[in-house]
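# take this sequence and fold it.
(one chain, ligands or ions: 2)
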Amino acid sequence: MGSIVTEASRGAREFDLIARIRQRAGKRDDVVLGIGDDAALLRVPPGELLVVATDTLNRGVHFPDDTAPADIGWKALAVNLSDLAAMGARPAWCTLSLSLPDGDAAWVDAFLDGFLELAARHDVALVGGDTTRGPLSVCVTAHGFVAPDAVMRRDAARAGDDVWISGHLGDAAAALVQWRAGAAVDPALRARLDRPEPRVALGQALAGVVHACIDVSDGLLADLGHVCAASAVGAEIDLDALPASPALRDSFAGDARRHAQATGGDDYELCFTAASSAHEEVMARATSIGVAVTRVGRIVPGNGVRALLSDGTAWAPTAAGYMHFA
Ligand code: ADP
Ligand code: MG
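Ligands and ions are numbered 1, 2, ... in the order given. This is a model prediction of the structure:
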C-alpha cells in the first residue's frame, strides 16, 4: 500500500529487505506466483477447504524484550501453524507483515533463520507480505488445507467426551514468571516459551476421531472455556492430572504450578475432546506419530470450566488466562 511518504524518502531499503526475503523463501508446486507481484497466485487442491489463520506478535506483549530475533521468527510462524493444527489442517503457505523500527538487515536475516527453519520443517512456502517502518511487530497469516469431513471445530464438544491435552502444560508461563521476577530462567522452560512446537502432525492424525479441538495459547481454562461456550457444554479438569515437564516439576510446586499449567498461556499444545469409547484410538494415533497425549478431564452438561483438586474440591485461579486490554 502506498503512503504519503514519497517512494524516494522511503528509500531502497524496504526493497532490499524484500529482495533478501524473496531469495530465501521456500518453494512449492502449488505456488503459481509468489513474492514479487502485487499479490500471490495459489492453487488450492480440489475438494479441500482453505484454512486461514492470522496472529500478530508485538514486542513486550507477546515476547520478552530480550528474545533473540531467530526465536521471534520461529514463534511468529509457530503460533499460526498451531492454529492450523487445531483445525486439523495441513499447512501450505504463509505471508509475513513486518513492522520494523529501522531497516536492520542483520535483524531480518536472523529473524528469517528461525522463521524459515520452522517453515521448511512443515513445507510451508512464504508467498508474500508487507514491510513497513514502525514499532517492532510481526503479523503472520498461514494457509492450509483440510478435507471438509476432517475439520475439528470448537463447537463440536459433547457431554460425556473425554478432554485431552498433548505434550505438557505450563513451561512457557513458568519461564515468564522467572523472567519477570528477574530470576535465572530455566533453559528448558525458556526454550518452550521461545520455540513452541506446533502440533501439526497431531492435528491431522486426530481428524475423524476427535470432536472439538483448540490450541492452548491463552491458558487451558480460558481456551477450554471457548470450546465449552461454543459447544454449549461445561467441563471438569483434574488439575493434578495435567502433564508437567521435569523442568516445571523441579522449580514449581503447589498453586504456583497449578497456575502455570491451568492459566498460563503460550503452551501451543492441543486440547481436544473425544468420545470415551475412542480412548484407545486416540492413544494409538498419537503414539503412531510419537506425541504424548493425556486425558485430563471430561465434558459435562451445563456451562463453564471447573478445575478440580485430587480430593474433588474446586480450585479457583486468581486470573483466567491472558486478556489484552484487561
Ligand atoms: P505493494 O506496494 O504492491 O504492496 P510491496 O512493495 O509491499 O508491494 O511488496 C512487493 C512484493 O514483496 C509483494 O509480492 C509482497 O507480497 C512481497 N513482500 C513485501 N514484504 C514482504 C515480507 N515481509 N515478506 C514476504 N514478502 C513480502
Ligand atoms: Mg505492500
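
# so the residue of the stretch 201-326 of the chain found nearest ligand 1 versus L77, what's the distance?
Nearest residue of the stretch 201-326 of the chain to ligand 1 (CB to the nearest ligand atom) works out as Y268 at 22.6 Å. Every C-beta, even on glycine, is put in place using the N, C-alpha and C of the backbone. Separation of Y268 from L77 (CB to CB, to the nearest Å) stands at 11 Å.

# who touches S137 in this structure?
Neighbouring residues of S137 by CB atoms under 8 Å, 6 or more residues apart in numbering: 56-59, 98-99.

# 10 Å - rerun?
By CB atoms under 10 Å, 6 or more residues apart in numbering, the residues touching S137 are 56-59, 61-62, 76, 97-101.

# now do A120
Neighbouring residues of A120 by CB under 10 Å, 6+ apart: G26.

# pull the number of nearby residues for the nearest residue to H259 once chain neighbours are set aside.
Nearest residue to H259, sequence neighbours excluded (CB to CB, 6 or more residues apart in numbering): P317, at 6.2 Å. Residue crowding around P317 was assessed by other CB atoms under 10 Å; the count is 17.

# now do P317, the pLDDT please.
At P317, the model reports a pLDDT of 76.

# and it, how close does it get to H211?
Look at P317 and H211: by CB to CB, they are 26 Å apart.

# and if you look at A181?
Distance from A181 to H211, by CB to CB: 39 Å.

# more crowded one of those two?
Between A181 and H211, counting by other CB under 10 Å, H211 is the more crowded of the two (21 against 9).

# ok now stretch 80-98, how far from the chain's centre?
When distances are taken as CA atoms, centre = their mean, to the nearest Å, stretch 80-98 is centred 9 Å away from the chain's centroid.

# using PDB, list the CA coordinates for it.
This file holds the C-alpha atoms of stretch 80-98, laid out as PDB (Å, rounded to 0.1, in the frame of the first residue of the first chain):
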ATOM      1  CA  ASN A  80      -0.100 -19.700  13.300                       C
ATOM      2  CA  LEU A  81       0.800 -23.300  12.400                       C
ATOM      3  CA  SER A  82      -0.700 -24.100  15.800                       C
ATOM      4  CA  ASP A  83      -4.000 -22.600  14.800                       C
ATOM      5  CA  LEU A  84      -4.000 -24.600  11.600                       C
ATOM      6  CA  ALA A  85      -3.100 -27.700  13.600                       C
ATOM      7  CA  ALA A  86      -6.100 -27.200  15.900                       C
ATOM      8  CA  MET A  87      -8.400 -27.200  12.800                       C
ATOM      9  CA  GLY A  88      -6.800 -30.400  11.600                       C
ATOM     10  CA  ALA A  89      -5.300 -28.700   8.600                       C
ATOM     11  CA  ARG A  90      -2.200 -29.400   6.600                       C
ATOM     12  CA  PRO A  91      -0.200 -26.100   6.300                       C
ATOM     13  CA  ALA A  92       0.900 -24.900   2.900                       C
ATOM     14  CA  TRP A  93       1.600 -21.200   2.700                       C
ATOM     15  CA  CYS A  94       2.200 -18.100   4.700                       C
ATOM     16  CA  THR A  95       2.500 -14.300   4.400                       C
ATOM     17  CA  LEU A  96       4.600 -12.100   6.600                       C
ATOM     18  CA  SER A  97       3.900  -8.500   7.600                       C
ATOM     19  CA  LEU A  98       6.900  -6.900   9.300                       C
END
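
# report the buried residues of it.
80-98 (16 or more other CB atoms under 10 Å).

# around ligand 1, which positions in this protein sit nearby?
1, 18, 21, 35-38, 96, 98, 126, 128-131 (CB under 6 Å from any ligand atom).

# list only those of these flagged as buried.
For those, buried by 16+ other CB under 10 Å: 18, 21, 35, 96, 98, 126, 128-129, 131.

# just to revisit the earlier point, now do the same contact list for the residue nearest to H259.
Per CB under 10 Å, 6+ apart, neighbours of P317: 219, 221-222, 239, 255, 258-259, 262-264, 307.

# and A292, by the same measure?
A292 makes contacts with 165-168, 202, 243, 269, 283, 286, as judged by CB under 10 Å, 6+ apart.
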